[in-house]
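In: Next one to model:
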Amino acid sequence: MATVAGDLGQERRKPLFARRLFLRPGEKAVALRRNRRLRVLRVRHVVVLLALQAAFFLALREAYIFLITWDELDIRKVQIVCAKDNLRQTLETYFAVPRLGNILLCDMEAVRAQVRRLAWVKDASVQKVFPSGLRISVVERTPFALLERGGLRLADAEGHALEEVYALEEYALPVISDETGFASGFADKWDAARRCLDGLPLAEKDRLLGIRTSDYGTLELAFKDDPVRIIVGTAAPAEDLAVFRGRRAQWEALFGPLALVNLSFDGRTYLRPAEPEPSAEDLPQTDKGD
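Out: Numbers count the residues shown, from 1 in each chain. Next comes the predicted model:
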């Protein structure tokens, strides 16, 4: 009777996924077989490695010099994205002449700072468009009022002067001025006038001619076709103006036409009647001689 021994005497190695990942308490790990053969680097090996390293950095240097001097990477087109036509044309004219050089060496922050120096530019972003272009997106300032400070200028909501104004008829905007010419406290005074203008009803804004600030924290309002000057406080100017509108008829019935109404005091209102116009009898008569 024959018996097939085969591989019965050989030990089979368990597959990797069948081995335990963690050891039991007190069990030792199987020692790993290490290759004890030492590899010694000779002088020629070190020289070859240094030569390869030098060749790599030399090739990298030559590639960098080639790229920064390659004519195909010179900035030739600057795209301006801006809603204001005049501002866009100004920037396009300025960047029409190639002046920015290689696109890899272009300092985008310097270009952005240069664009932001323009009075009408509130903010700007610069993007590189490879291989030879830039895209400049501009956020322009919005006119808010006319600022009377050493001349009449158009200004945005932050009080930033945009351009000089030579005729009030060019803009349907109120004039913001100060009794001392904004010699001090410009930021606080402008902020008070801006909040007053923003808080007025639309009908009052359309009739408003100007706001005059003062060092005493008051605002003097002037309206179209109305000779009365209205002084309100900075805390609630719209409410003070509403009080004037509601009681004006009663006050004029008692005191006649008004020249000034001061509502900036708590619980009190100061009225100044208008001076009566001189009649023909009060006018001085010319000397007709004897």
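In: SS state for the spatially closest residue to residue 161 that is not a sequence neighbour?
Out: Nearest residue to residue 161, sequence neighbours excluded (CB to CB, 6 or more residues apart in numbering): residue 153, at 4.4 Å. (C-beta placed from N, C-alpha, C; glycine too.) Of the three states, residue 153 takes strand according to DSSP: H, G, I helix; E, B strand; the rest coil.
In: Run through the residues that contact residue 153.
Out: Residues in contact with residue 153 (CB atoms under 8 Å, 6 or more residues apart in numbering) are 146-147, 161-165.
In: between those residues, which is nearest residue 185?
Out: Nearest to residue 185 out of the contacts of residue 153 is residue 147 (CB to CB; 14.6 Å).
In: Which pLDDT value goes with that closest one?
Out: Residue 147 carries a pLDDT score of 97 in this model.
In: isn't it right up against residue 176?
Out: Yes. If you go by CB atoms under 8 Å, residue 147 and residue 176 touch, sitting 5.8 Å apart.
In: got any residues that touch both of those two?
Out: Common neighbours of residue 147 and residue 176 (CB under 8 Å, 6+ apart) are residue 155.
In: I'd like to know which of the contacts of residue 153 are buried.
Out: Burial by neighbour count, judged by 16 or more other CB atoms under 10 Å, picks out 146-147, 162, 165 from those.
In: And the helices in the stretch 101-250 of the chain, which stretches?
Out: Applying DSSP state H, counting those that start in this stretch to the stretch 101-250 of the chain gives helices spanning 108-116, 186-199, 202-207, 237-255.
In: Return the most buried member of these.
Out: Comparing the helices of the stretch 101-250 of the chain by mean neighbour count (mean count of other CB atoms under 10 Å), helix 186-199 ranks first with a mean of 18.
In: Can you name the secondary structure element that comes next after the longest helix along the chain?
Out: What stands out as the longest helix in the chain, according to DSSP state H, is helix 43-68. Remark: after helix 43-68, the chain's next helix or strand is strand 77-81, criterion DSSP states H and E.
In: picking that back up, specify which member of the contacts of residue 153 is nearest to residue 39.
Out: Set against residue 39, the nearest of the contacts of residue 153 by CB to CB is residue 162 (74.5 Å).
In: Identify the residue spatially nearest to that closest one, adjacent ones excluded.
Out: residue 154 (4.5 Å).
In: which residues does that neighbour bridge with?
Out: Listed by DSSP bridges, the beta-bridge partners for residue 154 are residue 146, residue 163.
In: That one: neighbour count?
Out: Residue 154 has 21 neighbours, counted by other CB atoms under 10 Å.
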